[in-house]
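Visitor: Let me see the structure of the following:
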Amino acid sequence: MNDFHHPFKPYEIQLQLMQKIYDLLAENKKLGIFESPTGTGKTLSLICSAVTWLREHKSLFVDTETKHHGDDTDPTDDNDDDDPEWVKESYEKSMLMAKSVPFKQYEDYLDSLPRLHSSHVADVPVRAKRRRIEVQVEKDQKDEEFLPNEYDSDGDSILDCKNDTRNKLNVEIATLLKKLDQKDHEDLPMRFRNPIKIYFASRTHSQLSQFISELRLPTFPPSFNDMKYERVKVLPFASRKQMCINEKVSRVRSDLINDACIDSISKSECIYYSNSREETSSRKVRDYTFNEIHDIEELVKIGKEFQTCPYYSSRESVHVAEIVTLPYQHLLLKNARTTLGIDLKDSIIIIDEAHNLIDTINSIYSASISLLELKQCRCALQAYLRRFRARLNSVNRVNILKLVKMINVLIDFIETNYKQGKQLESPQEIFQGSNADIINIYRLERYMKVSKIAFKIDSYIQNMAVEPTDTASSKDEVNAYNEGFNSKLGQPILFKVAAFLNVLANPSKEGQFFFEKGQVLKYMLLEPSEIFKDLIKEAKSVLLVGGTMEPVSDIIETLVPYLPESDIVKFCCDHVIPDENLSAYIVGDTFQFTYDKRQDKQLVLDLFDFLYKLSCKAPAGMVVFFSSYSHLEFVLSTWKNLKLFEKLNRVKKIFHESSSGADVLQNYADTILNEKLGAVLCAVVNGKLSEGINFKDDLARSVVMVGLPFPNLFSGELIVKQRHLAAKIIGKGGSSKEASIATREFYENICMRAVNQSVGRAIRHAGDYATIYFIDNRYQSPSIKAKLSQWVRKRIQPKLPTSIILVETERFFKRRQL
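Guide: Below you'll find the model as predicted:
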């Protein structure tokens with residue numbers, strides 16, 4: 001067993017996981033799928049095994065270079081095989097020491113850096129720049145900010161204004177001059193590149209911050225034997241939303257920040273960006289980034305200290321980093337990787353919370369637009385044209401009119417052809433019967449991107465919303481647009497149009513256009529394996545890690561169907577809790593919450609009877625998961641009508657999740673933790689409370705899963721996916737029966753992944769304990785039971801009558817109180 005430099009005494013399952021990861025890297029396996037339940041120290045196990053291998057391999061990598069890339073004096077060249085072994089070893093040792101010199105020098109240089117103080121800001125060369133003074137100006141001057149960037153339809157690029165061009169040229173000249181005048185030690189990082197990197201990707205900013213905080217705990221030996229110490233060099237990547245230090249830009253609504261940033265740069269209005277292009281400022285940010293392990297918030301503080309944009313400066317530091325943390329989108333989008341300077345060749349990619357990976361890839365590469373949104377967008381364009389038509393140059397005016405025409409075509413197409421689940425044979429169907437096919441969609445999509453027209457129009461509309469409008473019609477158009485935005489609580493509609501035009505202009509052969517509920521035209525990626533293949537091809541190894549990865553077969557079939565079994569490592573950890581800390585039961589022969597029985601009144605009454613009796617036996621908090629909001633609402637309303645709700649409420653106070661998004665978790669937790677009362681939280685699978693929230697200790701002494709949360713069979717998205725899967729199997733020579741079995745398996749896998757994710761919230765640490773109840777006799781099916789997480793499946797008790805289950809529950813909790 002290797003020494004993984006774990007900061008604590010690891011559990012046996014942690015040692016097993018670390019060894020499995022280390023062996024995967026040592027044996028050059030392409031893919032590892034690791035299930036490690038939350039609360040088992042998964043993150044530290046990942047860090048210790050991967051960084052240990054990285055440090056050892058870095059030394060071996062340099063040693064390999066020594067053997068194969070020697071210069072003319074290499075004693076192993078020119079038939080010097082007869083040289084004594086000690087001569088060869090001495091030479092290779094000296095070469096290895098020479099390779100380590102830049103690493104040692106950079107460590108010494110980082111040691112010499114003074115601690116950051118606000119006085120350091122004065123050392124940064126900030127170019128003299130007159131601040132923009134906010135004053136009340138005439139309306140036509142104020143409107144300048146809403147005009148689109150100039151666009152060259154022939155060159156397909158933005159026409160930089162003279163001032164911007166001159167400004168960029170000055171920066172480049174200044175940078176070149178400074179490079180000539182730099183001291184050698186000030187650019188030590190440019191002398192070497194960490195040959196292999198770890199890229200750690202997760203879904204949320206908080207998960208990435210948690211990874212970095214745990215990375216501070218272990219201490220690793222240096223990569224070279226003649227080094228006393230080597231810092232772990234971590235570079236956290238994040239979005240502009242997290243990293244922007246320009247107050248004017250960061251005040252913009254989060255979904256507009258990217259365009260606001262680029263707009264500010266193009267107008268030479270961001271001094272922080274300008275400083276990031278200067279070698280001195282950028283180098284200082286880089287060096288302080290690697291002086292210690294920093295998270296995003298600390299990196300932002302460093303940027304502020306040197307008045308230098310941390311978002312753009314971080315791109316110049318990738319070659320120095322050993323570990324790069326980044327959100328999913330930065331890793332999965334090829335153009336994002338290119339922009340950020342991310343080279344995945346021979347790297348180790350770790351994707352955390354990987355049960356979300358398939359859905360995330362599909363979401364990133366999919367787009368949709370509704371009939372209502374298109375009409376609201378048309379209103380916005382009409383208001384904008386009415387205000388600016390006379391001031392738009394011919395290129396902008398023509399392209400905006402083309403955009404209006406394209407939107408009209410989409411509106412007509414949806415109104416004429418809408419039928420839920422209907423698939424388009426080709427996107428060309430949209431243009432049949434119109435002359436819109438003469439519009440170059442690619443150029444129109446490109447125009448929207450480079451002119452920032454969506455950002456400009458949205459900014460103008462939002463500005464109109466708080467100022468008097470010129471006409472009643474303009475006011476109506478603005479209200480229509482803003483209603484559309486507010487109803488979505490997210491991406492402005494014009495940005496959705498831009499995203500849809502992007503897939504319309506660049507449709508993948510692995511995607512499909514179809515109609516979804518609500519008069520929505522949607523494009524969906526059907527083969528995420530094609531996107532994921534880039535990562536598998538480039539990286540040394542890809543590790544998919546999560547607390548609930550079952551069913552693993554679905555992940556392999558969806559993401560890497562082409563990968564040989566010998567290239568895949570699968571490992572499921574048990575939980576750190578002892579067996580006696582968790583009991584799971586499948587309840588009742590009569591319970592079967594199929595779609596057609598969910599509103600059976602007797603079934604709802606039997607459910608109440610069990611939950612009421614369970615509430616009398618189980619202490620503290622009980623979380624009950626329902627398959628949908630509609631089922632939850634029906635059950636609660638039935639209980640209320642029959643005066644049962646109050647009966648249960650007297651034993652445990654009832655809280656319930658609602659589709660409106662009202663947050664009930666805090667009140668639920670206060671009742672249990674502060675008032676020391678029992679409570680029931682009724683939640684929905686795949687709702688706000690089923691993922692990302694830890695129900696540890698008394699918050700979930702019991703978890704109840706009501707029924708099997710199968711997705712809606714009539715969903716357009718599901719229909720399209722199942723048709724595609726069946727066609728793929730038949731296309732490979734399979735039978736209709738095999739296709740039917742595969743689509744059923746696919747349907748089950750979606751359901752069971754959701755079940756595992758929901759019940760996995762209960763146990764959060766080694767001392768935690770809970771009971772789990774699956775209320776549906778279909779859980780007795782071998783195919784369903786096999787898809788439960790291993791650590792839950794092994795603790796399912798033998799089939800028992802409901803009365804005995806309640807007795808066993810009482811005994812379970814009495815033992816915990818002793």
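Visitor: quick one, strands of the stretch 651-800 of the chain?
Guide: Here the stretch 651-800 of the chain has its strands, by DSSP state E, counting those that start in this stretch, at 653-656, 679-684, 702-706, 770-775.
Visitor: Any idea which of the ones you listed gets closest to Pro7?
Guide: strand 770-775 (28.0 Å; C-beta to C-beta). (Glycine included, C-beta is placed from N, CA and C.)
Visitor: can you redo the strands of the stretch 651-800 of the chain as JSON lines with distance to Val755 and mean neighbour count?
Guide: As requested, the strands of the stretch 651-800 of the chain are exported to JSON lines (distance: least, C-beta to C-beta, whole Å; neighbours: other C-beta atoms under 10 Å):
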{"stretch": "strand 653-656", "distance to Val755": "20", "mean neighbour count": "20"}
{"stretch": "strand 679-684", "distance to Val755": "13", "mean neighbour count": "24"}
{"stretch": "strand 702-706", "distance to Val755": "6", "mean neighbour count": "25"}
{"stretch": "strand 770-775", "distance to Val755": "8", "mean neighbour count": "26"}
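Visitor: how about these in a markdown table, adding distance to Arg216 and mean pLDDT?
Guide: Listed next are the strands of the stretch 651-800 of the chain as a markdown table, based on distance: least, C-beta to C-beta, whole Å; pLDDT from 0 to 100:
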| stretch | distance to Arg216 | mean pLDDT |
| --- | --- | --- |
| strand 653-656 | 37 | 95 |
| strand 679-684 | 34 | 96 |
| strand 702-706 | 33 | 97 |
| strand 770-775 | 31 | 98 |
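Visitor: Which of these sits closest to Ser426?
Guide: strand 679-684 (37.7 Å).
Visitor: between the closest one and strand 702-706, how many degrees?
Guide: 30 degrees (axes from the mean of the first three to the mean of the last three C-alpha atoms, to 10 degrees).
Visitor: what packs against strand 679-684?
Guide: Here strand 679-684 touches strand 621-626, helix 629-641, strand 653-656, helix 665-673, going by 3 or more C-beta pairs under 8 Å, 6 or more residues apart in numbering; DSSP states H and E.
Visitor: Which among the strands of the stretch 651-800 of the chain is found nearest to Lys496?
Guide: strand 679-684 (25.9 Å).
Visitor: Strands of the stretch 351-500 of the chain, start to end?
Guide: Secondary structure of the stretch 351-500 of the chain by DSSP E, counting those that start in this stretch: the strands cover 367-370.
Visitor: one step back: now render the strands of the stretch 651-800 of the chain as TSV, adding distance to Phe571.
Guide: TSV is the format used below for these (distance: least, C-beta to C-beta, whole Å):
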stretch	distance to Phe571
strand 653-656	37
strand 679-684	30
strand 702-706	25
strand 770-775	23
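Visitor: which one of the ones you listed lies closest to Leu15?
Guide: strand 770-775 (25.3 Å).
Visitor: For that closest one, which outside residues touch it?
Guide: Outside strand 770-775, the residues that touch it by C-beta atoms under 8 Å, 6 or more residues apart in numbering are 581-588, 591, 593, 607, 610, 614, 618, 700-707, 759, 762-763, 792, 805, 809, 812-813.
Visitor: number of nearby residues for the nearest residue to Leu333 once chain neighbours are set aside?
Guide: Spatial nearest neighbour of Leu333, excluding adjacent residues (C-beta to C-beta, 6 or more residues apart in numbering): Ile364 at 6.4 Å. Here the number of neighbours of Ile364 (other C-beta atoms under 10 Å) works out to 16.
Visitor: and stretch 585-604, how far out from the chain's middle?
Guide: Put simply, stretch 585-604 sits 36 Å off its chain's centre (C-alpha atoms, centre = their mean, to the nearest Å).
Visitor: Show me which residues of it are buried.
Guide: 585-588, 591-593, 598, 603-604 (16 or more other C-beta atoms under 10 Å).
Visitor: from these, which ones fall inside helices?
Guide: 603-604 (DSSP state H).
Visitor: Now the buried residues of stretch 585-604 in TSV, please, with extra columns for pLDDT and distance to Glu675.
Guide: Below are the buried residues of stretch 585-604 laid out as TSV (pLDDT from 0 to 100; distance: C-beta to C-beta, whole Å):
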residue	pLDDT	distance to Glu675
Tyr585	98	29
Ile586	98	33
Val587	96	29
Gly588	82	32
Phe591	94	32
Gln592	94	37
Phe593	95	32
Arg598	87	33
Leu603	96	33
Val604	96	29
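Visitor: Show me which of the buried residues of stretch 585-604 is closest to Ala739.
Guide: Of all those, Gln592 has the smallest distance to Ala739: 26.7 Å, by C-beta to C-beta.
Visitor: check contacts around that closest one.
Guide: Per C-beta under 8 Å, 6+ apart, neighbours of Gln592: 603, 776-778.
Visitor: of the residues you listed, closest to Lys688?
Guide: Using C-beta to C-beta, the contacts of Gln592 come closest to Lys688 at Asp776, 23.1 Å.
Visitor: neighbours of the closest one, just the number please.
Guide: Asp776: 20 neighbours (other C-beta under 10 Å).
Visitor: Check Leu725 too.
Guide: Residues near Leu725, counting by other C-beta under 10 Å: 19.
Visitor: so what's it up against?
Guide: Contacts of Leu725 by C-beta under 8 Å, 6+ apart are 739, 742-743, 746.
Visitor: looking at those residues, which has the most residues close by?
Guide: Neighbour-wise, these (other C-beta under 10 Å) top out at Ala739, 20 neighbours.
Visitor: in terms of contact, does that one touch Ile729 like I think?
Guide: Yes - with contact defined as C-beta atoms under 8 Å, Ala739 counts as touching Ile729 (4.4 Å).
Visitor: Can you spell out the domain ranges of the protein, please?
Guide: Per the record, the chain has its domains at 367-527, 579-817, by automatic domain parsing.
Visitor: Kindly reformat those domains as TSV containing distance to Leu24.
Guide: Output for the domains of the chain, formatted as TSV (distance: least, C-beta to C-beta, whole Å):
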stretch	distance to Leu24
domain 367-527	26
domain 579-817	19
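Visitor: For my notes, confirm Phe34 occurs in a strand.
Guide: Yes - remark: Phe34 belongs to a strand, assigned using DSSP: H, G, I helix; E, B strand; the rest coil.
Visitor: tell me which residues form a beta bridge with it?
Guide: Val545, Phe571 (DSSP bridges).
Visitor: ok, it - contacts?
Guide: Here Phe34 is in contact with 17, 20-21, 543-546, 549, 570-573 (C-beta under 8 Å, 6+ apart).
Visitor: what about Asn258, neighbour count?
Guide: So Asn258, with other C-beta under 10 Å, has 18 neighbours.
Visitor: Would you check that it makes contact with Cys244?
Guide: No - judged on C-beta under 8 Å, Asn258 makes no contact with Cys244 at a distance of 9.7 Å.
Visitor: show me where pLDDT drops low in the stretch 401-550 of the chain?
Guide: 436-438, 465-491 (pLDDT under 70).
Visitor: try 90 this time
Guide: Along the stretch 401-550 of the chain, the parts satisfying pLDDT under 90 run over 420-421, 425-428, 431-443, 445-446, 448-452, 454-495, 498, 501-502, 504-510, 548.
Visitor: tell me which element the closest residue to Ser254 other than its chain neighbours falls in.
Guide: With sequence-adjacent residues excluded and distances taken as C-beta to C-beta, 6+ apart, Ser254 is closest to Lys241, at 4.9 Å. Per DSSP states H and E, Lys241 falls inside helix 240-243.
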